[in-house]
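# sequence and predicted structure below; questions after.
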Amino acid sequence: MSIKVAKIFRHTIKSVGSESINSVDLHSGKTMPWDRVWALAHYKTRLPEGENHWLPCSSFLRGAIAPNLMAVSAKFDEVTETFELKHPSLKTLSFNPNEDRDLQEFLFWIKPLCPENGPSPASLYKVDDRGSTDTEYPSISILSLDSLDELSKKVGSELDPRRFRGNIWLQGGEPFEEFNWIDQEIDLGNVKVRVLETIERCNATKANPLTGEKDIDTLSALQINYGHKDFGVYCKVVRNGTLSCGDQVILS
């Protein structure tokens, strides 16, 4: 059975906009370039003094508490560091997070997508040397379209991959086969990664990325059918290389 890389996504602002890309250069011990570089802090976020460092996801506004954010799509220009953000209920926004005026326009734009009675968006928090992943270590997530197809059959509806905010989507294996790869190294094209742990899912996956509305209880579906709430695995890069859609996956 031939397993290949089917999709690659990055989320340059954590929880605000998925972007599909065709290839990416990965580096040992690093997160995916431009993935989760910024995160949406609110007025209760305790930001560190001095140099920015990794903070847990509970520090930020995210899809688990603001499901409307799940319907944001993004395009990011790496050269100009400019975003184009779209949402079905808002006008398209172009902005540069490094420009104060643009940042204020973004915060005004994003506020209607945040809970009315929750903390308001206050700033974009940037960690330069690594992304604000959900793990304390610099991780990249691997997920399976075959697993997604099986879960879709369980819930009786075709699930959009963007619900799960994954980086690398594979196709051609057995459903949930990736759970057997823990502590193993695998080759993704000329990149090598070590699979570390499964990913326990949160309420963000209940929201439809086309509408931002909660419509499917993915967590109950996982628990009832599989006895856990895990979907996908975290890995770390152990050999540099360029990853592209269509690359072959080889298990060590």
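Alright, I've got the coordinates. For clarity, every value in this text was computed on a predicted model and none was experimentally measured. Numbers count the residues shown, from 1 in each chain.

# look up phi and psi at R36.
Main-chain dihedrals, R36, degrees, to the nearest 10: phi 60, psi 40.

# the one 3 residues further on too?
The phi and psi torsions at A39 (degrees, to the nearest 10) take the values phi -140, psi 150.

# surely it touches P121?
No - the criterion here is C-beta atoms under 8 Å, and A39 misses it with P121 at 10.8 Å. Using the backbone N, CA and C atoms, a C-beta is placed for each residue, glycine as well.

# just want the most central residue of the protein.
Central residue of the chain (C-alpha atoms, centre = their mean): R165, 3.2 Å from the mean position.

# correct me, but that residue touches H11?
Yes - with contacts defined as C-beta under 8 Å, R165 counts as touching H11 at a distance of 5.9 Å.

# now list whatever residues contact both of those two.
Common contacts of R165 and H11 (C-beta atoms under 8 Å, 6 or more residues apart in numbering): S18.

# and the residue nearest to K214 when sequence neighbours are not counted, how many neighbours?
Excluding its sequence neighbours, the residue lying closest to K214 (C-beta to C-beta, 6 or more residues apart in numbering) is K206, at 4.5 Å. Neighbours of K206 under the rule other C-beta atoms under 10 Å: 21.

# and K206, what is it in contact with?
67, 163, 214-219.

# can I get those residues in JSON lines with secondary structure and pLDDT?
What follows is the contacts of K206, written out as JSON lines (DSSP: H, G, I helix; E, B strand; the rest coil; pLDDT from 0 to 100):
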{"residue": "P67", "secondary structure": "helix", "pLDDT": "96"}
{"residue": "R163", "secondary structure": "helix", "pLDDT": "97"}
{"residue": "K214", "secondary structure": "strand", "pLDDT": "96"}
{"residue": "D215", "secondary structure": "coil", "pLDDT": "96"}
{"residue": "I216", "secondary structure": "coil", "pLDDT": "97"}
{"residue": "D217", "secondary structure": "coil", "pLDDT": "98"}
{"residue": "T218", "secondary structure": "helix", "pLDDT": "98"}
{"residue": "L219", "secondary structure": "helix", "pLDDT": "98"}
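
# give me the buried subset of those residues.
Buried subset of those (neighbour count, 16 or more other C-beta atoms under 10 Å): 67, 163, 216, 218-219.

# separation between the residue nearest to K14 when sequence neighbours are not counted and T198?
Excluding its sequence neighbours, the residue lying closest to K14 (C-beta to C-beta, 6+ apart) is A39, at 4.0 Å. Counting by C-beta to C-beta, to the nearest Å, the gap from A39 to T198 is 23 Å.

# neighbour count winner among those two?
Using other C-beta under 10 Å as the criterion, A39 and T198 rank with A39 on top: 25 against 18.
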